[in-house]
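> no sequence on this one, just coordinates:
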């Protein structure tokens, strides 16, 4: 039965896993575009400009996607409510 419990934990943390994957993709996007442009034969100045531009857009996108996580709320988490009820 421990497998069922672990799968429940995995299901509950699925939104955090997706958010982590999005952050990872935004993190490597600048490197990916730099490697692609280098492979296509562009010079270093163009690679730098596009790399910085893509990373800047990624940072701004991360901020707007995860803005609600950055704002602190005074409401207790559901897990904290369960702990209070148990005690």
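Ah, there it is. What you are looking at is a predicted structure, and each value in this text was computed from that prediction instead of being measured.
> and the residue minimising distance to the centre of the chain, what element?
Note on the chain: the residue nearest the mean C-alpha position is residue 23, at 2.5 Å, using Cα atoms, centre = their mean. Assigned by DSSP states H and E, residue 23 falls within helix 14-40.
> and residue 4, by the same measure?
Judged by DSSP H and E, residue 4 forms part of helix 2-12.
> same check on residue 45?
helix 44-65.
> mind checking the pLDDT average for that helix?
The average pLDDT for helix 44-65 rounds to 89.
> hmm, who's touching the next helix or strand after it?
Next in sequence after helix 44-65, counting helices and strands by DSSP H and E, comes helix 67-70. With Cβ atoms under 8 Å, 6 or more residues apart in numbering as the contact definition, helix 67-70 has outside contacts at 19, 63. All C-beta spots, glycine's among them, are computed from the backbone N, C-alpha and C.
> so who does residue 20 touch?
Per Cβ under 8 Å, 6+ apart, neighbours of residue 20: none.
> okay, it: pLDDT?
85.
> residue 47 and residue 37 touch, don't they?
Yes: in this structure residue 47 lies within contact range of residue 37 using Cβ atoms under 8 Å: 4.7 Å.
> may I have the phi/psi pair for residue 43?
phi -80, psi 170 (degrees, to the nearest 10).
> from residue 22, how far out is it?
31 Å (Cβ to Cβ, to the nearest Å).
> same deal with residue 44?
Distance, residue 44 to residue 22, by Cβ to Cβ: 29 Å.
> higher neighbour count, the two?
residue 22 (15 against 10; other Cβ atoms under 10 Å).
> how far away is the nearest residue to the residue nearest to the centre of the chain once chain neighbours are set aside from residue 22?
Excluding the flanking residues, the one nearest residue 23 by Cβ to Cβ, 6 or more residues apart in numbering is residue 62, at 6.2 Å. Residue 62 is 8 Å from residue 22, where distance means Cβ to Cβ.
> ditto for residue 49
Using Cβ to Cβ, residue 49 is found at 25 Å from residue 22.
> and what of residue 13?
15 Å.
> and residue 29, by the same measure?
On the measure of Cβ to Cβ, residue 29 and residue 22 end up 11 Å apart.
> no further queries at this time; thank you.
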